[in-house]
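Participant: Quick check, what structure comes out for this input:
(one chain, ligands or ions: 1)
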Amino acid sequence: MMRNILILLGPPGAGKGSVGGELSAYLKVPIIASGDLLRENVRKAVSLGMKAKKYMDSGELVPDDIVIKMIGQKIAEPNCSKGFILDGFPRTLAQAEMLDGIKVEGDSFNVFYLKAEDDFLIKRLSKRRVCGNCGKIYHLVNLPPKREGICDICGGSLVQRKDDTEEVIRKRLEVYKDLTAPLLKYYRDKGYLHVIAGDISIDYMMNAIKKIMKW
Ligand code: AMP
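Facilitator: So this is what the prediction gives:
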């Protein structure tokens, strides 16, 4: 059966998680967010999480073998049979090659590059808050919760991610440029890449994607 595979690529803070959540609701296909899955493993203090934590806290990438196995298992679940959205994966060439390996004839495959400059991303990320319970993403100025510190959706408490401090944000941007940005050429050469401005609004990105996909 044909799967609709959508990949959100871009630096931290470009809006992958926010757009991914909307796309998932719109298409009724699951979103697989590698960062969320890793954080869940850290919270549960299972072995995968213990291995991943030190990399995540310092803004480095978690080793490919760990992430590839984790994502491979998710993609193989029955709820992904019609398609899925990837947020934050692939982030290295090895991860992109793994994804090529699971593609089958007839799969639709599109990569959206959400593009934004460093200064913008640093500003946006330092004002980001997330619900500690359901993961919903807020911004203190652009998308504040109705009640300060409380999630509109589930009433959970909003927290600042440990890696959303300026120092770690800068490291994550550097890692993005070194290891993830080469994927832009990789996907452009294959004809899968669509470039979308990541510094306007979530609505803008959603509309741009809908237009490209002719939905
Ligand atoms: P994110 O929530 O996408 O910003 O990811 C948070 C952190 O999780 C990253 O800074 C990495 O340490 C780790 N991480 C998430 N996705 C990946 C991936 N595909 N490969 C390696 N590390 C990842």
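Participant: Is the residue in the chain that the ligand sits nearest to within a helix or a strand, and which one?
Facilitator: Nearest residue of the chain to the ligand, counting by Cβ to the nearest ligand atom: Gly35, 2.0 Å away. Every C-beta, even on glycine, is put in place using the N, C-alpha and C of the backbone. Secondary structure from DSSP states H and E places Gly35 in helix 34-43.
Participant: repeat for Ile32
Facilitator: Ile32 is located in strand 31-33, with elements delineated by DSSP H and E.
Participant: which other helices and strands contact that strand?
Facilitator: helix 16-27, helix 64-75, strand 83-87 (3 or more Cβ pairs under 8 Å, 6 or more residues apart in numbering; DSSP states H and E).
Participant: send the alpha carbons of the shortest one over as PDB?
Facilitator: This points to strand 83-87. C-alpha atoms of strand 83-87 as PDB (Å, rounded to 0.1, in the frame of the first residue of the first chain):
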ATOM      1  CA  GLY A  83       2.000   7.100   6.100                       C
ATOM      2  CA  PHE A  84       3.800   9.100   8.800                       C
ATOM      3  CA  ILE A  85       5.500  12.400   9.500                       C
ATOM      4  CA  LEU A  86       9.000  12.600  10.700                       C
ATOM      5  CA  ASP A  87      10.100  15.500  12.900                       C
END
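Participant: and the helix or strand that comes right after that strand, what other elements does it pack with?
Facilitator: As assigned by DSSP H and E, the chain's next helix or strand after strand 83-87 is helix 93-102. Counting contacts by 3+ Cβ pairs under 8 Å, 6+ apart, helix 93-102 packs against helix 64-75, helix 182-190.
Participant: and these, which is most packed in?
Facilitator: Of all these, helix 64-75 carries the top mean neighbour count, a mean of 17, counting by mean count of other Cβ atoms under 10 Å.
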